[in-house]
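Trainee: Next input, structure requested:
(one chain, ligands or ions: 1)
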Amino acid sequence: MKTFKTVRNPSNSRISKVSRIFALILALCFCLPIFSVTASAKSAKSTAEAKPSDLIQVVAEQTGLEPNIDALMEAGYLSAAEKRHLEKYNAFSYAVAWHVLLPAFGIYPYPAEFYPDISPCSSWSNGTVYADARAAGILLGLVDPSIEPNYAISKSDFTALVNKLKTSPKLPILQTDNPYVNAYEDAIASGEAAPWDIHSYRGRNSLLSAYDLIPAGWLATFQSLEYDVHFRLPTSRTPKIPGHTAAGVTNYAEKFIAVENCNPRATLHEFAHFAAKYAGLYVDDMERCYEHESSKVIAIIGIYSSLDFSEYLAEFASYWLLHPNDQSILRELAPETTALTEYLFHVLDYNIPVKTTA
Ligand SMILES: [Zn+2]
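Mentor: Numbers count the residues shown, from 1 in each chain. Below you'll find the predicted structure:
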């Protein structure tokens, strides 16, 4: 199992800094004496910022949850970072509005990298939940692509966004060659599976973003053993580190991997556990790597790797796959683990089906 403190989330400080700068610019504008009284009033009306209570109220109305910040966070509509931000400041950004509101209205954004026609924005690059929400918003005509996502959203823009969402826009199903997501979409269409929700869409996005990075031999073995992917975690689960939210689990008895965190690393981590089991790695080898080298790379691959030899290897392998630019430094700091990981990437290759010409 792999846990994460929060969803990939965003530097609040960045949002708050820009929000403060924006507020300062607004304050300066209102001080300029060249506006007539009417113009000033009009300007103040159109640029007043939406308040956190506005956002909480709308999400509560849509979801039937209590209109308080803790209830919305517990249900998954707000991240812990967003909760802290809303409690601290009297405004919030366009990015937060998009990320929180879309799922509340039943729109579950796909990873932004699947929409190459939408130009990414510099403040939230693809691979972040805010880029995902922005891409879905642009696709549905809810979001102006020229808006800077970190600016505080005005009350009038917030109201306009909510009104558009109330017309129930539908996000088109993403066309991919991902067999697990496609099978689930088919099951939804035939009424055999529940539609995507605030939990399952995160697991879906993790698998979508990670899929092409999963070593071919691992996937072939996964398929030949008839494993499945579940897009939400089993209900009974205890995080290995208190305070961390579980991100994924691999169940060998019931043959499935479950993920419920949009970070592609959650999927890669679980697949690494799966591969280590079916590769028949020796515990002695994994323990030796853990004891000799885990402390040298913990600052790069994260604290969860310090838990035990199994989590260390899953964290090392998932980080390696996701961050090719850091592979040389990992190789230098942890040569034994690198050798074991590279062996693991290919040891199951014999399961890759032989392609024949049609
Ligand atoms: Zn794990």
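
Trainee: quick one: Glu148 and Pro120, what's the gap?
Mentor: Per Cβ to Cβ, to the nearest Å, Glu148 is found 13 Å from Pro120. (Glycine included, C-beta is placed from N, CA and C.)

Trainee: more neighbours, those two?
Mentor: Pro120 (17 against 13; other Cβ atoms under 10 Å).

Trainee: Hmm, Gly127 and the more buried one touching each other?
Mentor: No. If you go by Cβ atoms under 8 Å, Pro120 and Gly127 don't touch, sitting 9.4 Å apart.

Trainee: overlap in contacts of the two?
Mentor: Ala112 (Cβ atoms under 8 Å, 6 or more residues apart in numbering).

Trainee: Any stretches of the stretch 101-250 of the chain with poor pLDDT?
Mentor: Counting by pLDDT under 70, the stretch 101-250 of the chain has low-confidence residues at 236-245.

Trainee: Tell me if Ile257 really is in a strand.
Mentor: Yes. Counting by DSSP: H, G, I helix; E, B strand; the rest coil, Ile257 is located in a strand.

Trainee: in the strand or helix carrying Lys277, what counts as buried?
Mentor: With elements taken from DSSP states H and E, the one containing Lys277 is helix 264-279. For helix 264-279, burial by neighbour count (16 or more other Cβ atoms under 10 Å) applies to 264-276, 278-279.

Trainee: And for stretch 190-204?
Mentor: Buried, per 16+ other Cβ under 10 Å, within stretch 190-204: 196, 200-204.

Trainee: can you tell me which of the residues you listed are in helices?
Mentor: Among the buried residues of stretch 190-204, the residues falling in helices (DSSP state H) are 200-204.

Trainee: Any chance of TSV for those residues, columns distance to the ion?
Mentor: Listed next are those as TSV, based on distance: Cβ to the ion, whole Å:
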residue	distance to the ion
Ser200	20
Tyr201	22
Arg202	17
Gly203	15
Arg204	20
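
Trainee: Quick check: buried residues in stretch 57-70?
Mentor: Of the residues in stretch 57-70, 58-60, 62-63, 65, 69 count as buried by neighbour count, 16+ other Cβ under 10 Å.

Trainee: Contacts made by it with the rest, please.
Mentor: Identification of contacts with stretch 57-70 by Cβ under 8 Å, 6+ apart yields 52, 56, 71-72, 75, 77-78, 83, 86-87, 100-101, 104-105, 162.

Trainee: Could you check how far stretch 116-124 is from the centre of its chain?
Mentor: Offset of stretch 116-124 from its chain centre (Cα atoms, centre = their mean, to the nearest Å): 16 Å.

Trainee: Helices along the stretch 1-150 of the chain, start to end?
Mentor: For the stretch 1-150 of the chain, the helices defined by DSSP state H, counting those that start in this stretch cover 12-31, 37-47, 52-63, 69-74, 80-88, 94-104, 129-139.

Trainee: Least confident of those, on average?
Mentor: Sorting those by mean pLDDT places helix 12-31 lowest, at a mean of 38.

Trainee: Please point out which parts of the strand or helix carrying Gly217 sit buried.
Mentor: Element membership for Gly217, per DSSP H and E: helix 216-224. Judged by neighbour count (16+ other Cβ under 10 Å), helix 216-224 contains these buried residues: 217-222.

Trainee: need the next SSE after that helix, C-terminal direction.
Mentor: By DSSP H and E, the next helix or strand past helix 216-224 is strand 228-230.

Trainee: Okay, now the sheet partners of that following strand, with direction.
Mentor: Looking at strand 228-230 with DSSP bridges, its partner strands are strand 256-259 (parallel).

Trainee: from the chain's centre, how far out does the strand it pairs with sit?
Mentor: Put simply, strand 256-259 sits 16 Å off its chain's centre (Cα atoms, centre = their mean).

Trainee: Return the set of buried residues in it.
Mentor: So, applying 16+ other Cβ under 10 Å, buried residues of strand 256-259: 256-259.

Trainee: residues contacting the closest residue to Tyr180 other than its chain neighbours?
Mentor: Spatial nearest neighbour of Tyr180, chain neighbours left out: Val229 (4.2 Å); criterion: Cβ to Cβ, 6 or more residues apart in numbering. Val229 makes contact with 180, 203, 207, 256-259, according to Cβ under 8 Å, 6+ apart.

Trainee: Then Phe256?
Mentor: Counting by Cβ under 8 Å, 6+ apart, Phe256 touches 227-230, 250.

Trainee: So which of these wins on neighbours?
Mentor: Within those, most neighbours by other Cβ under 10 Å means Val229, with 23 neighbours.

Trainee: residue in the stretch 51-200 of the chain nearest to the ion?
Mentor: His199 (18.9 Å; Cβ to the ion).

Trainee: I'd assumed Ile329 was in contact with Ile300.
Mentor: Yes. Between Ile300 and Ile329 there is a contact under Cβ under 8 Å: 7.0 Å.

Trainee: Give me the more crowded residue out of the two.
Mentor: A direct count of neighbours by other Cβ under 10 Å for Ile300 and Ile329 places Ile300 higher, at 16 against 12.

Trainee: check contacts around the more buried one.
Mentor: Counted by Cβ under 8 Å, 6+ apart, Ile300 has contacts 319, 326, 329-330, 333.
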